[in-house]
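Participant: Have a look at this prediction, sequence included:
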2 protein chains.
Amino acid sequence: MDENIRKRLHEMRKNGYKITPQRQEIVNAFLDSSRKLPLSAEEVYMKVKEKYQNISLDTVYRNLAVLQNLKIINRVNFHDVKSRYELNPGGDHQHHMICLTCGSAEPINFCPLKLLSENNFAAEKNFEIREHTFELFGYCSTCRERAIIDNA
Amino acid sequence: MDENIRKRLHEMRKNGYKITPQRQEIVNAFLDSSRKLPLSAEEVYMKVKEKYQNISLDTVYRNLAVLQNLKIINRVNFHDVKSRYELNPGGDHQHHMICLTCGSAEPINFCPLKLLSENNFAAEKNFEIREHTFELFGYCSTCRERAIIDNA
DNA sequence: TCCTAAATAATATATATTCTTATTTACTAG
DNA sequence: CTAGTAAATAAGAATATATATTATTTAGGA
């Protein structure tokens, strides 16, 4: 996946974008992160700051927007106020199961939109679907097991 | 639906909540609203202010949280930053088609969770689902027709 | 190497939401 | 009906997220 992402990053040039060190490091923040939880703008900022002490939060936001437009990352809206972002290896989109205890976000292999299009939902309603959100919130297997042990 | 909501409002007392004039007026703001678009905290605030000039925005937020806990209203997270709220006549939940042009939100008669439970999705993943989000964003029939006319 | 559009840092600003505290009020038990 | 109390309130400060402005710097093509 890393190669796929790096390749798409370099293709930015074709569209008039420049590949600045800051921009690269922002992408690296995602590539380096082994965490399941997508990163907030603040977290990306802290990570990049390790290498570029002077980077401004504004630069992070601006780049997250650019990378999002190019579908290199996706923005995920969780229940907490701030938005989070994750790499988008397939260039498509991804839904998640988000644990209310530990905050981990596991991708789920299901998209409700496929069912709606099979049923001609949008055509019937005469509604042109452009985007959609779908996320599950609950308790992951790890946290559930831990809860059982704690109560024993 | 109004009666249902009012009945549930009065049942709050059983749980130690008080029915203050402000609280009632906040619920009225929703009952009076014929708009399809769920109300933002700010909009509720402006509405209630007509009757209680001194109400604070904090009171609105506090009550929206309480009413949400009691499932009298639902919070809907749209793409724009601020959250919105709507009455929940069924005491259940509701998904929407949100128009990116006019902002209207039409309820949709479909919940992806039903399909997941039919397929034992949660059991397989050992994930305990507690909440979920699902919203469609796009262009409603009215705005689409208008666009065609404008381009003619 | 030079030129220019793009990107950046720094700073200010906007907006949404929550917290703190002192005061008031709705309800309940007597 | 009254008094006591937990709950709710207003006011204002505080926090957090995100965006706008501007002057300066820089990536990368010519």
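Facilitator: Now that the structure is in, tell me what you want to look at.

Participant: which residues are contacting stretch A:108-120?
Facilitator: A:93, A:95-97, A:122, A:129, A:132, A:134, A:136, B:110, B:112, B:115-116, B:121, B:125, B:134, B:136 (C-beta atoms under 8 Å, 6 or more residues apart in numbering or on different chains). From N, CA and C alone the C-beta is placed, and that goes for glycine too.

Participant: May I see the PyMOL selection of the buried members of these?
Facilitator: If you want just the buried ones from the contacts of stretch A:108-120 in PyMOL, going by 16 or more other C-beta atoms under 10 Å in any protein chain shown, the selection is:
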select buried, (chain A and resi 95+96+97+122+129+132+134+136) or (chain B and resi 112+116+121+125+134+136)
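
Participant: Among the contacts of stretch A:108-120, which lie within strands?
Facilitator: When the contacts of stretch A:108-120 are checked against strands (DSSP state E), the matches are A:95, A:96, A:97, A:129, A:132, A:134, A:136, B:134, B:136.

Participant: So which of the residues you listed is the closest to DNA strand C?
Facilitator: Nearest to DNA strand C out of the ones in strands among the contacts of stretch A:108-120 is residue B:134 (C-beta to the nearest atom of the strand; 19.2 Å).

Participant: hey, what's the closest one bridged with?
Facilitator: residue A:134 (DSSP bridges).

Participant: I'd like the distance between it and residue A:108.
Facilitator: In this view, residue B:134 and residue A:108 are 13 Å apart by C-beta to C-beta, to the nearest Å.

Participant: Which residue ranges of chain A form strands?
Facilitator: Listed in chain order, the strands of chain A (DSSP E) span A:39-40, A:73-76, A:84-87, A:95-99, A:105-108, A:128-139.

Participant: just the ones you listed: most buried one?
Facilitator: The densest packing among the strands of chain A, expressed as mean neighbour count by mean count of other C-beta atoms under 10 Å in any protein chain shown, is seen in strand A:95-99 with a mean of 24.

Participant: Name the residues of chain A found near DNA strand D, please.
Facilitator: A:13, A:18-21, A:40-42, A:57-58, A:61, A:65, A:81-83 (C-beta under 7 Å from any atom of the strand).
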